[in-house]
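Engineer: Pasted the sequence and its predicted model underneath.
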Amino acid sequence: MSSILSSEQIQILRRALLNKPLNVCFGGGVDSTAMLIALNEAEIIPDVITFADTGGEKPETLAHVHKMQHVLAMWGFPQTAIVRKVTKAETSYNDLEGNCVDNETLPSLAFGMKSCSIKWKQGPQDAYLKGVSKGPQKRPAHPLWLRTQRDGIKITKLIGYDAGPADLRRSKNLKDTDGEFAYIYPLQLLGWSRGDCVKAIVQALGTDYVPIKS
């Protein structure tokens, strides 16, 4: 029996996630690190793990992402693909910070919107999976995308929203699926708050693996 998850929690995750094509959206913070730990405890290996570097990530966050690569290898998980939006050559910026400076504004999240997150985080991760036919981000589609398109199924994105009030509000009105992907929040299935996530990280990996807020 797992020392972190109860047998009931393991079954909850396995019923929800087994036999689905899985993409972990790794943010490099506490919640998404705990989500990876929970998957390992439940013996659920994701197909793809992606991390979007906005160009303005904290050095400590990037160091944590790289440190977790060793843990993932030890677990037999795939390595995290670090992706980044590539702007056109004539664009005056190439990261989120430059975008904000150029437009003399703050990231959209400061105003309760998420356009920056879509542009600099979700977009590059989607492009890594779906491929891009032309432009500076041109790349072939990932084999997982090609397989799921062939089989008529959707990749399930695993998002590290916890069961605390703030993240429950964020996920409340979000769709479980759209035209391209399905979405599941494993930490909410487990009922884990941020405090539970920190406890799981310390128990599984030690205090050195508790990341700062990304």
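Structural biologist: Received it, and whenever you're ready, just let me know what you need.

Engineer: Would you point out which residue is most central in this structure?
Structural biologist: Most central in the chain under C-alpha atoms, centre = their mean is Cys25, positioned 1.5 Å from the mean C-alpha point.

Engineer: Can you give me every residue that contacts that one?
Structural biologist: Ser32, Thr50, Gln125, Lys157, Leu158, Ile159, Gly160 (C-beta atoms under 8 Å, 6 or more residues apart in numbering). C-beta coordinates here come from the backbone N, C-alpha and C atoms, glycine included.

Engineer: Please narrow the residues you listed to those residing in helices.
Structural biologist: By the criterion of DSSP state H, membership of the contacts of Cys25 in helices covers Ser32, Gln125.

Engineer: hey, where'd the strands end up in this protein?
Structural biologist: 22-25, 48-52, 80-83, 155-159, 181-184 (DSSP state E).

Engineer: closest to Gln69 out of these?
Structural biologist: The minimum distance between Gln69 and the strands of the chain falls on strand 80-83, with 6.2 Å, by C-beta to C-beta.

Engineer: Let's see the closest one as CSV, backbone CA atoms only.
Structural biologist: The C-alpha coordinates for strand 80-83 follow below in CSV (Å, rounded to 0.1, in the frame of the first residue of the first chain):
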residue,chain,number,x,y,z
THR,A,80,9.7,16.9,-19.2
ALA,A,81,9.7,18.7,-22.6
ILE,A,82,10.6,22.3,-22.0
VAL,A,83,8.8,24.4,-24.6
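
Engineer: Point out the other helices and strands that it packs with.
Structural biologist: strand 48-52, helix 59-75, helix 123-130 (3 or more C-beta pairs under 8 Å, 6 or more residues apart in numbering; DSSP states H and E).
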